[in-house]
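Enquirer: Sequence first, then the predicted structure:
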Amino acid sequence: MRTKIFRLSFIMMFIHMFSFGQSEGMAHIDGARYIPLYGRDSTVVEVKDFELDVYPVTNKQYLDFVKNFPKWQKSKAKKIFADGSYLRNWTNDLELKDSELLNSPVTYVSWFAAKAYCECQGKRLPTMDEWEYAAMADETLKDARIKKSYNEQILSWYEAPRSNENVIGQNPKNFWGVHDLHGLVWEWTSDFNSVLLSGESRKDNEKDNNLFCGSASLGSTDLMNYAAFMRYAFRGSIKANYAIKNLGFRCAKDAENIK
Amino acid sequence: MKKILYIFCSILFIGLSACKNDSSKSSEEVVAYYCPMECEGDKTYDEPGSCPVCNMDLVPVEKEIALASDEISETSIFNLTSTWTDQNGEDLQLEELKGDVLVMVMIYTSCKAACPRLVADMRNIEERLPKNAKDNLKLVFVSIDPKTDTPERLKAFAEENVMDKAPWLFLRSSEDNTREFAAVMAVNYKKISPLDFSHSNIISVFNKRGEMMFQQEGLGVNSDATVKHIEEAIASR
């Protein structure tokens, strides 16, 4: 009986990989509890085991997607789901501009498009907590946030222009085996719109004073806060149908505990 | 073993169903007639005949125009295909609300701070509208806490606030659909404790075709502009 279950689970894994294509391109990430920089009032959040794409989704992969799902082609995507910049670096529904590389991360995609892409792979977008958790690792440590070199590297990337035109995999893989969380493009998360920047018109969020621009940057004690602050501030400033030049995505899914 | 098979099947099912390549509905052929003098404004008639005011022969509305008014535009929230449940436990899709002007706000019923004020703001808007306007109007509360806000809970909340009748409507859906809806409304929210959410206070006005016309941001703000936009939306087709 036991071996049967064992065998079955292997068959299932195989079918699964087969039916969804690129399950093997994902890295397993052990969950843990950690304190994100601007999470729920700097309290501990729990991230469960999950899998994350090793690379951001590329132009090539996205091209295959729009071939299969024409409603996400450049000319067909509805404005409410993707603004006028959607796939701006494509010449038409099925072709990229000559200057674009198939192996570059896809950008100019909206949150809706990214979400639909992941769902069609049997995956989902990572949550902000998951993404930040995976991204705080460097090549050797799960949590490299205290390392000065880690933060300096991220910030130097934030200063580097046009990194979105590079190809995937140029940055070394991190502790979990994931590439390019930093250094290539910024990435959508499923709950990006849970960032609340308190502005005068949205006054009720007294609890989020640490997210208010001035107080946050003044309150940041070190570079680590500053780099993360930029990410959170960016998320707080975008809308779900925005398609932006340096914003791509990758997919995640819950870990299946077949052990 | 059955269990594993079941889990596998459900994963496969979710994967496939989430991804269905739904083709847009072909709009029905609408035949309508209107008075060329437009004696009664934009009014149309189902059958040919003559205008009751000027007696001129009615002419058919051009098919394209008829289709255009029936079709969902690209910016309409009716493009969302998620299913919602109201306070009476009835399932509906947003598109079923087509034809009514929608005034929508996201709240959660266990909220102690901002939501009572948002409810008051909504009530204030409703009171300022003329009685006859309310036939083509729905004031909708959408829960950002679907776990707590079951249809029963919404029902109780509606009754508590004497809102358990038209034009009021209370909706909830899955967490995913709620996140998506908030994305469309440009409402940001996050859970800050098991009982509390932080959220932006935005009342949105949609016209009869589901296109966003106006957003009122903040609490207890002057709602003149909101009321004006609602009245305009009700007056237009």
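Expert: Done, it's in.
Enquirer: and residue A:46, bridged to which residues?
Expert: Per DSSP bridges, the residues bridged to residue A:46 are residue A:33.
Enquirer: Leaving out sequence neighbours, find the closest residue to the most centrally placed residue in chain B.
Expert: Computing the C-alpha centroid of chain B and ranking residues by Cα atoms, centre = their mean puts residue B:102 first, at 4.9 Å. Distance criterion Cβ to Cβ, 6 or more residues apart in numbering or on different chains; nearest residue to residue B:102, sequence neighbours excluded, is residue B:206 at 4.2 Å. In this view, the C-beta of every residue, glycine as well, is placed from N, C-alpha and C.
Enquirer: Give me the phi and psi angles of that neighbour.
Expert: Backbone torsions of residue B:206, given as degrees, to the nearest 10, read phi -120, psi 140.
Enquirer: give the contact list for it.
Expert: With contact taken as Cβ atoms under 8 Å, 6 or more residues apart in numbering or on different chains, residue B:206 is in contact with B:77, B:101, B:102, B:103, B:104, B:212, B:213, B:233.
Enquirer: helices and strands around the helix or strand hosting the third one, which ones?
Expert: For residue B:102, the enclosing helix or strand under DSSP states H and E is strand B:101-107. With contacts defined as 3 or more Cβ pairs under 8 Å, 6 or more residues apart in numbering or on different chains; DSSP states H and E, strand B:101-107 has these neighbours: helix B:114-128, strand B:137-143, helix B:175-185, strand B:202-206, helix B:224-235.
Enquirer: what angle separates that strand from helix B:114-128?
Expert: Strand B:101-107 runs at 160 degrees relative to helix B:114-128, counting by axes from the mean of the first three to the mean of the last three Cα atoms, to 10 degrees.
Enquirer: looking only at pLDDT, what's the mean for stretch B:216-236?
Expert: Stretch B:216-236 shows a mean pLDDT of 87.
Enquirer: Does it reach chain A?
Expert: Yes. Remark: stretch B:216-236 sits within contact range of chain A at B:217, B:218, B:219, by Cβ under 8 Å from any Cβ of the partner chain.
Enquirer: chain center to that stretch, what's the gap?
Expert: 16 Å (Cα atoms, centre = their mean, to the nearest Å).
Enquirer: residue boundaries of the strands in chain B?
Expert: In chain B, the segments counted as strands under DSSP state E are B:33-34, B:44-45, B:59-60, B:83-86, B:91-93, B:101-107, B:137-143, B:168-172, B:189-191, B:197-199, B:202-206, B:212-217.
Enquirer: ok, back up a step: for the contacts of residue B:206, work out which two are farthest apart.
Expert: Distances among these were taken as Cβ to Cβ; the most separated pair is B:77 and B:233, at 13.5 Å.
Enquirer: distance of the nearest residue to residue A:138 once chain neighbours are set aside from chain B?
Expert: Nearest non-adjacent residue to residue A:138, counting by Cβ to Cβ, 6+ apart: residue A:144, 3.6 Å away. Per Cβ to the nearest Cβ, to the nearest Å, residue A:144 is found 26 Å from chain B.
Enquirer: Would you check that residue A:144 makes contact with residue A:135?
Expert: No. Applying Cβ atoms under 8 Å as the test, residue A:144 and residue A:135 come out as separate, 9.8 Å apart.
Enquirer: Give me the sheet partners of the strand holding residue B:102 and which way each runs.
Expert: strand B:137-143 (parallel), strand B:202-206 (antiparallel).
Enquirer: Any chance of those strands in JSON lines with mean pLDDT as columns?
Expert: Formatted as JSON lines, the strands paired with strand B:101-107 follow (pLDDT from 0 to 100):
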{"stretch": "strand B:137-143", "mean pLDDT": "94"}
{"stretch": "strand B:202-206", "mean pLDDT": "91"}
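Enquirer: Can you name the residues bridging to residue B:170?
Expert: residue B:141.
Enquirer: what's around the closest residue to residue B:80 other than its chain neighbours, how many residues?
Expert: Spatial nearest neighbour of residue B:80, excluding adjacent residues (Cβ to Cβ, 6+ apart): residue B:94 at 5.5 Å. For residue B:94, the neighbour count with other Cβ atoms under 10 Å in any protein chain shown is 24.
Enquirer: Could I get the pLDDT score of residue B:94?
Expert: For residue B:94, the predicted pLDDT is 93.
Enquirer: State the distance from it to residue B:185.
Expert: For residue B:94, the distance to residue B:185 equals 12 Å [Cβ to Cβ, to the nearest Å].
Enquirer: before we move on, what about residue B:207?
Expert: 15 Å.
Enquirer: thinking again about what came up before, please tabulate the helices and strands packed on strand B:101-107 in a markdown table, including the columns distance to residue A:84.
Expert: Formatted as a markdown table, the helices and strands packed on strand B:101-107 follow (distance: least, Cβ to Cβ, whole Å):
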| stretch | distance to residue A:84 |
| --- | --- |
| helix B:114-128 | 32 |
| strand B:137-143 | 27 |
| helix B:175-185 | 17 |
| strand B:202-206 | 21 |
| helix B:224-235 | 24 |
